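1. Sharing a sequence plus its predicted fold:
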Amino acid sequence: MQIILNSSPVIFLAKLSYLNQFIEYPDDFYIPQSVAEEISAKSDPASQTIQTLIKAGKLQVRTSSLITLLNSLNQRLGKGESEAIALGIELNADYVLLDDSTARREAKRLGLSIKGTLAVIKKINKDGKISIDSLDTLYQKIIEIEFRVKRSLFDQIFSED
């Protein structure tokens, strides 16, 4: 599978110490060039984790060549989100990881499959790559790292099969 990661999912997964477990899957993981630049501008532990994975070749940095689409998307979305969507189309990705609701709507409109950070956490937990002992504790952790989600949506995602 080919999976494109936008900045917020890759950063939040790194902050929660779940990124390494996620990229253990035998898939191809890509981040847009603009996302890599945004991440490299910081020097916090999450950015360092991501940069280490880029250097190891586990996260591949790509630039989309769909310039017209990029320019159109940039009018409504951030640079990283625009490039993640364009790259998803260009590579015919299995899914694109996006958390922003406007970007998610645009990606769906363009025919992409999308997932968010919480869906990834749910999957790696279900597959036994991490162990979530308490959803209350997990919710507190994600709030502490400034991931914004209503508790009702969080509960809905983790209660679905």
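-> All right, it came through fine. Residues are numbered from 1 along each chain as shown.

2. how close does Ile50 sit to Lys122?
-> Distance, Ile50 to Lys122, by CB to CB, to the nearest Å: 21 Å. (C-beta placed from N, C-alpha, C; glycine too.)

3. What ranges does this structure have for its strands?
-> Along the chain, the segments classed as strands by DSSP state E run 2-5, 28-32, 60-62, 95-97, 114-115.

4. I'd like the ones you listed laid out as JSON lines, including distance to Ser159 and mean neighbour count.
-> Shown next, in JSON lines, are those (distance: least, CB to CB, whole Å; neighbours: other CB atoms under 10 Å):
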{"stretch": "strand 2-5", "distance to Ser159": "24", "mean neighbour count": "25"}
{"stretch": "strand 28-32", "distance to Ser159": "28", "mean neighbour count": "23"}
{"stretch": "strand 60-62", "distance to Ser159": "34", "mean neighbour count": "15"}
{"stretch": "strand 95-97", "distance to Ser159": "21", "mean neighbour count": "25"}
{"stretch": "strand 114-115", "distance to Ser159": "17", "mean neighbour count": "20"}
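
5. In CSV: those strands, plus distance to Ile132 and mean pLDDT.
-> Supplementary listing: these in CSV, determined by distance: least, CB to CB, whole Å; pLDDT from 0 to 100:
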stretch, distance to Ile132, mean pLDDT
strand 2-5, 21, 97
strand 28-32, 22, 96
strand 60-62, 28, 97
strand 95-97, 19, 96
strand 114-115, 17, 96
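
6. Distance to Ala86 added to those strands, as TSV?
-> Rendered in TSV, the data for those read as follows (distance: least, CB to CB, whole Å):
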stretch	distance to Ala86
strand 2-5	9
strand 28-32	8
strand 60-62	10
strand 95-97	10
strand 114-115	14
